[in-house]
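*Asks:* Sequence and predicted structure, then a few things I'm wondering about:
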Amino acid sequence: MPELLNLADNIARDPNTGAPNPGGLGDRPIDGDVLGGTAGVGDAGEHLRGLRTPRVFTTDTQLWSVFFQGTWDITSAFRTTMGARFSYEQKDGSRSIHLTNDGSQPDPQEVRTVLAKNLSVEEHDLKGSSTSSNISPSIILQYDWNEDSMIYATLSQGFKSGGFDARSNQSPAADDPAPHNPNYGSVASEQFIGSFEFEEEAALTLEVGKKSTLLNGRANLNIAAFYTEYDDLQVSIFDGTLGFNVGNAGAAQTMGVEVDGRIAITDSLTLSTSLAWLDFEFTDFKNSQCFQQQSDPDDDGQCDFTGKTNQYVANYSGSISLAYRRPFSNSMAFSSALDIVFTDDYNPTQDLDPKLLQDGYQKLNLRLALADDKAGWEAALIGRNLTNEVVITYANSMSLANSIFGSIGHYAFIERPRSIAAQFTYRW
């Protein structure tokens, strides 16, 4: 949590002249006021000057595990591989947020109310300890269909250990909701919903597929289909103000088909392709964060995402690549690579805000190179994203935009636009 010094300077000064306002928040009108409209604030503006909210987080983990795997050749063409991992883990964690103010003690009511009501920051001191044990078994069946192809099936159970959340600004509200404002307390929208300890995630996956070599070794083709069920899927969700809460969705399932292949068209030219179809659905996720100004029946900032997809899930994606290499002279060679990368629409936000949906795109990359293998040098011209696609890699709601100012704001990280570079490599 960063210092609140700049915010305190703004709210403790006259908006017209810029002169200090000794009355702070308490002398500003309540109606229509952004920060002063909270009952119980009083002259908290002066107390906020120089205020800091240092966070201290610690975690200690002890883990040991035992692993076994063995293969049984049932026949010369049919075999099974079985394995299991047993893990035992013990974790201790703590997180605290305390208020400090350059030697002066903040007023406990006024300052905590401003931080809670407007910034969703709660002073707290949490400690926890957890132990878990897990067995992750797997079984693989393989059958050599003929000399050039093999089919397989895999069933495996996996898990991701639980832990303690370092980034949440609030304590959990499940058992004892803490009020945003001490003058409220029983209204859902006025209560904290933070996080501290999150549970382990479990996944059960079934995969079947086939791997083939074709055209006397000049080509190969692989296909796989999978289905995965998640229990207590771990998620990190923006809290709508300043922090992130790590927790667990109830359950989810995903399925897909992946195909990839390669063929040597000539001795110098190779074509490679890949294509994936993916479907994801939360089958139980009632406590996701609502996106800005989303209809919220319970007025608690949480929305039911059951039946919805997940962040970054595109229905299809893939690539097509052409690689060419032509030796000449004694040690010289010219090479080139052309890549086309494509994807369907996906949402780069955790709250699936439809305003930030990333449209499907096709990117073109090109590499041209001249090399002397004997001398050890290579000169290359590289072009990336030659179609100049605007690609959002991550996006989220702007901190404080909707929670304080009642406006819609977002930020996003964008991939590099079209770029062209020259590269020289020398190996000795």
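*Replies:* That came through, no problem.
*Asks:* how long is stretch 327-334 end to end?
*Replies:* Counting by Cα to Cα, to the nearest Å, you get 6 Å between the two ends of stretch 327-334.
*Asks:* Residue 424 reaches residue 378, doesn't it?
*Replies:* Yes - shown here, residue 424 and residue 378 form a contact pair, counting by Cβ atoms under 8 Å, at 7.3 Å. All C-beta atoms are positioned from the backbone trio N, CA, C, and that covers glycine.
*Asks:* Compare the two and say which one has the larger neighbour count.
*Replies:* It is residue 378, of residue 424 and residue 378, that has more neighbours when counted by other Cβ atoms under 10 Å, with 17 against 8.
*Asks:* For residue 87, which non-adjacent residue is closest in space?
*Replies:* Excluding the flanking residues, the one nearest residue 87 by Cβ to Cβ, 6 or more residues apart in numbering is residue 65, at 4.0 Å.
*Asks:* Which strands and helices lie in contact with the lengthiest helix in the chain?
*Replies:* Looking across the chain with DSSP state H, the single longest helix is helix 110-119. Packing contacts for helix 110-119, counted by 3 or more Cβ pairs under 8 Å, 6 or more residues apart in numbering; DSSP states H and E, involve helix 44-48.
*Asks:* element containing residue 135, please.
*Replies:* In the assignment (DSSP states H and E), residue 135 maps to strand 124-146.
*Asks:* partner strands of that strand, parallel or antiparallel?
*Replies:* Paired neighbours of strand 124-146 in the sheet (DSSP bridges): strand 78-97 (antiparallel), strand 149-160 (antiparallel).
*Asks:* what's the closest of those strands to residue 409?
*Replies:* strand 78-97 (24.8 Å; Cβ to Cβ).
*Asks:* pLDDT of the longest helix of the chain, averaged?
*Replies:* For helix 110-119, the mean per-residue pLDDT is 73.
*Asks:* How about stretch 355-371?
*Replies:* 95.
*Asks:* give the contact list for residue 93.
*Replies:* Residue 93 sits next to 57, 58, 59, 60, 127, 128, 129, 163, 164, 196, 197 when contact means Cβ atoms under 8 Å, 6 or more residues apart in numbering.
*Asks:* Looking at those residues, which is nearest residue 235?
*Replies:* Of all the contacts of residue 93, residue 235 sits closest to residue 163, with 13.4 Å by Cβ to Cβ.
*Asks:* Quickly note the distance from the closest one to residue 314.
*Replies:* Look at residue 163 and residue 314: by Cβ to Cβ, to the nearest Å, they are 29 Å apart.
*Asks:* again with residue 292
*Replies:* Taking Cβ to Cβ, one finds residue 292 at 23 Å from residue 314.
*Asks:* same question, residue 216
*Replies:* Residue 216 is 36 Å from residue 314, by Cβ to Cβ.
*Asks:* Show me which of the two is the more surrounded one.
*Replies:* A count of neighbours by other Cβ under 10 Å puts residue 314 above the other of residue 216 and residue 314, at 19 against 7.
*Asks:* which residues does residue 340 bridge with?
*Replies:* With DSSP bridges as the rule, residue 340 is bridged to residue 320, residue 364.
*Asks:* now swap in residue 332 and tell me
*Replies:* residue 328, residue 372.
*Asks:* mind listing what it touches?
*Replies:* Neighbouring residues of residue 332 by Cβ under 8 Å, 6+ apart: 370, 371, 372, 373.
*Asks:* Same question for residue 207.
*Replies:* 153, 154, 224, 225, 226, 227 are the contacts of residue 207 under Cβ under 8 Å, 6+ apart.
*Asks:* Now with 6 Å, please.
*Replies:* 154, 224, 226 (Cβ atoms under 6 Å, 6 or more residues apart in numbering).
*Asks:* I'd like the distance between it and residue 224.
*Replies:* Distance from residue 207 to residue 224, by Cβ to Cβ: 6 Å.
*Asks:* how about stretch 339-351: buried residues?
*Replies:* 339, 341, 342, 343, 344, 346, 347, 348, 349, 350, 351 (16 or more other Cβ atoms under 10 Å).
*Asks:* Any idea how far that stretch is from the middle of the chain?
*Replies:* Mean-position distance between stretch 339-351 and its chain equals 14 Å (Cα atoms, centre = their mean, to the nearest Å).
*Asks:* neighbouring contacts of that stretch?
*Replies:* So stretch 339-351 is contacted by 237, 289, 291, 311-321, 356-360, 362-365, 392, 394-396 (Cβ under 6 Å, 6+ apart).
*Asks:* Those residues in helices, which ones?
*Replies:* Using DSSP H, none of these sit in helices.
*Asks:* Narrow the residues you listed to those that are buried.
*Replies:* Among the contacts of stretch 339-351, those classed as buried by 16+ other Cβ under 10 Å are 237, 289, 291, 311-315, 317-319, 321, 356, 358, 363-365, 392, 395-396.
*Asks:* All good on my end, thank you.
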